[in-house]
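Enquirer: Give me the fold of what follows.
(one chain, ligands or ions: 2)
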Amino acid sequence: MKTVYMCFSTDVLHSGHIAILRRAAALGELTVGVLTDEAIATYKRYPLIPLADRMELFQSIVGVKRVVVQRTLSYRDAIHELRPDIVVHGDDWQTGIQCGVRAEALGLLSAYGGELVEVPYTRGAAEEAMAVLDGRLNMPEFRRGRLRRLMQLKPCLSVMEAHNGLTGLIVENARVDTPGGVKSFDAMWVSSLCDSTVKGRPDIELVDITSRIHTLEEIMEVTSKPIILDGDTGGQTEHFVYNLRTLERLGVSAVIIEDKVGRKRNSLYGTKAQQTQATSEAFCQKITAGKQAQRSKDFMIFARCESLILQQGLEDALARCRAYVDAGADGVMIHSCQKTPDEVYDFLRRFRETNPFTPVVAVPTTYNAATEEELCAHGVNIVIHANHLLRSAFPAMQKAAETTLRCGRTLEADPLCMPIGDILSLIPTEE
Ligand code: SPV
Ligand code: MG
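Expert: Ligands and ions are numbered 1, 2, ... in the order given. Predicted coordinates:
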């Protein structure tokens with residue numbers, strides 16, 4: 001009897017899956033691989049049902065001989081360990097993000113005479129129902145808790161800024177095939193710098209909460225990934241406790257507030273701009289009040305420490321961050337505007353002595369030679385790429401404007417632009 005292998009990432013079984021399982025079981029002795037939560041989270045939404053329960057689900061299906069764990073999207077380990085005569089998969093992986101995985105599997109199978117059987121993928125009523133379920137993932141109750149859950153799954157999250165619906169879609173859908181597997185962003189950062197700049201306003205808490213909420217709504221309307229809001233100073237504590245409940249209700253996963261008072265300026269000015277740090281006590285009170293006001297269990301408040309930005313030294317940063325955690329902060333953000341990550345690494349080395357598990361956020365805008373992998377190895381749990389979609393778009397727009405002015409027509413600007421056909425089909429309609 002031949003041995004057959006199939007791998008599943010789904011957490012809701014429908015008639016289409018049962019049909020393909022029956023066909024696979026008819027080919028021989030069937031082993032089902034169940035993709036880990038971490039592996040699924042690398043290329044699509046994280047599963048609603050955890051791995052152990054999904055394994056049980058498949059174990060109970062007639063025709064499934066055994067169930068194993070598949071740890072990566074790649075079939076390499078499964079094929080090496082099981083050497084199946086046949087791998088079965090839907091033919092939908094011939095294109096799209098999984099086509100590299102398919103090519104690798106084909107190569108590995110052909111090395112020993114194994115065979116790939118592809119079953120036509122049809123989108124029936126059950127798949128439509130699944131799409132509706134997926135569509136519900138942007139509902140606040142699903143989205144809000146997803147950041148906390150991702151932090152439990154992965155040692156370090158990769159977060160990109162989004163400042164409107166379109167950039168939200170870019171962050172939501174960006175995927176790359178790397179030697180380490182398929183990569184996508186884990187969450188979105190709604191930056192005060194970008195949200196202000198895109199409105200032509202300075203980053204001084206001038207764009208009010210109503211406007212910030214409007215930006216959030218625009219992004220949330222078209223995406224499902226978790227959102228971290230840059231809450232600036234959080235404003236007055238009396239207002240912060242109301243505003244954070246609004247954020248919770250919208251489905252924001254976390255707000256990061258910084259320990260400054262008065263006229264807030266962007267941190268990347270360093271000490272060039274006059275800024276005042278809040279007292280540790282006052283900021284702790286704000287954190288505690290926020291945590292007490294919070295209604296959902298999943299929402300998080302991260303405390304952002306500006307001591308390194310304002311050159312107050314490592315000891316001040318450590319004392320403050322420890323106090324902020326004691327006051328109830330779910331994690332800390334240590335910001336730096338140095339060209340190298342050294343002071344952030346020094347901070348982490350010391351901070352981890354007392355707080356081995358407290359989530360730490362870093363924003364490597366100025367020290368961006370440091371990779372996510374390096375930052376993670378030093379103990380960073382969330383890496384925020386804080387302004388790069390806005391900063392990359394602006395030069396292209398400026399160039400298109402100047403080219404048009406210079407030439408008195410737009411022909412010469414065409415190479416800078418997306419083709420009209422592409423822009424028309426960029427946002428699919430539902431009919
Ligand atoms: C932002 O993106 O608005 C931030 C990060 O607060 S920074 O610009 O580095 O201060
Ligand atoms: Mg900001």
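Enquirer: What about the nearest residue to residue 88 once chain neighbours are set aside? Give its phi and psi, please.
Expert: Counting by Cβ to Cβ, 6 or more residues apart in numbering, residue 88 lies nearest to residue 24, which is 4.2 Å off, once chain neighbours are set aside. C-beta coordinates here come from the backbone N, C-alpha and C atoms, glycine included. Per-residue torsions, residue 24: phi -70, psi -40 (degrees, to the nearest 10).
Enquirer: Repeat that for residue 118.
Expert: The phi/psi pair for residue 118 (degrees, to the nearest 10) is phi -110, psi 130.
Enquirer: Not counting sequence-adjacent ones, nearest residue to it?
Expert: residue 91 (4.2 Å).
Enquirer: Poorly predicted segments of this structure, please.
Expert: 44-45, 122-127, 129-131, 134-135, 430-431 (pLDDT under 70).
Enquirer: how far away is the spatially most central residue of the chain from residue 12?
Expert: What sits nearest the mean C-alpha location of the chain, by Cα atoms, centre = their mean, is residue 186, with 1.5 Å. Using Cβ to Cβ, to the nearest Å, residue 186 is found at 22 Å from residue 12.
Enquirer: Check residue 190 too.
Expert: Relative to residue 12, and taking Cβ to Cβ, residue 190 is found at 30 Å.
Enquirer: Compare these two (neighbour count), which wins?
Expert: Neighbours per residue, other Cβ atoms under 10 Å: of residue 190 and residue 12, the larger number sits with residue 190, 24 against 15.
Enquirer: Who does the more buried one form a beta bridge with?
Expert: On the basis of DSSP bridges, residue 190 is bridged to residue 229.
Enquirer: Give the helix, strand or coil label for residue 98.
Expert: Under DSSP: H, G, I helix; E, B strand; the rest coil, residue 98 falls in the helix class.
Enquirer: Contact residues of the protein facing ligand 2?
Expert: Residues of the chain lying close to ligand 2 by Cβ under 5 Å from the ion are 192, 193, 230.
Enquirer: burial count for the first one?
Expert: So that's residue 192. 23.
Enquirer: residues in the stretch 251-400 of the chain within reach of ligand 1, list them.
Expert: By the rule Cβ under 6 Å from any ligand atom, the part of the stretch 251-400 of the chain lying against ligand 1 is 266, 267, 268, 363, 365, 386, 387.
Enquirer: Swap in 8 Å and give it another go.
Expert: Residues of the stretch 251-400 of the chain lying near ligand 1 by Cβ under 8 Å from any ligand atom: 256, 258, 266-268, 304, 309, 335, 337, 363, 365, 384, 386-387.
Enquirer: And the residue of the stretch 201-350 of the chain closest to ligand 2?
Expert: residue 230 (4.3 Å; Cβ to the ion).
Enquirer: list the contacts for that residue?
Expert: 189, 190, 191, 192, 193, 195, 256, 386 (Cβ atoms under 8 Å, 6 or more residues apart in numbering).
Enquirer: repeat that with 6 Å
Expert: Neighbour list for residue 230: 191, 192, 256 [criterion: Cβ atoms under 6 Å, 6 or more residues apart in numbering].
Enquirer: wait, what's in contact with the nearest residue to it once chain neighbours are set aside?
Expert: Spatially, and ignoring its direct neighbours in sequence, residue 230 is nearest to residue 192 (4.5 Å; Cβ to Cβ, 6+ apart). Residue 192 sits next to 203, 230, 232 when contact means Cβ under 6 Å, 6+ apart.
Enquirer: now swap in residue 30 and tell me
Expert: Neighbour list for residue 30: 4, 24, 63, 64, 65 [criterion: Cβ under 6 Å, 6+ apart].
Enquirer: and it, which of the three is it?
Expert: Taking three-state DSSP as the rule, one finds residue 30 in the strand state.
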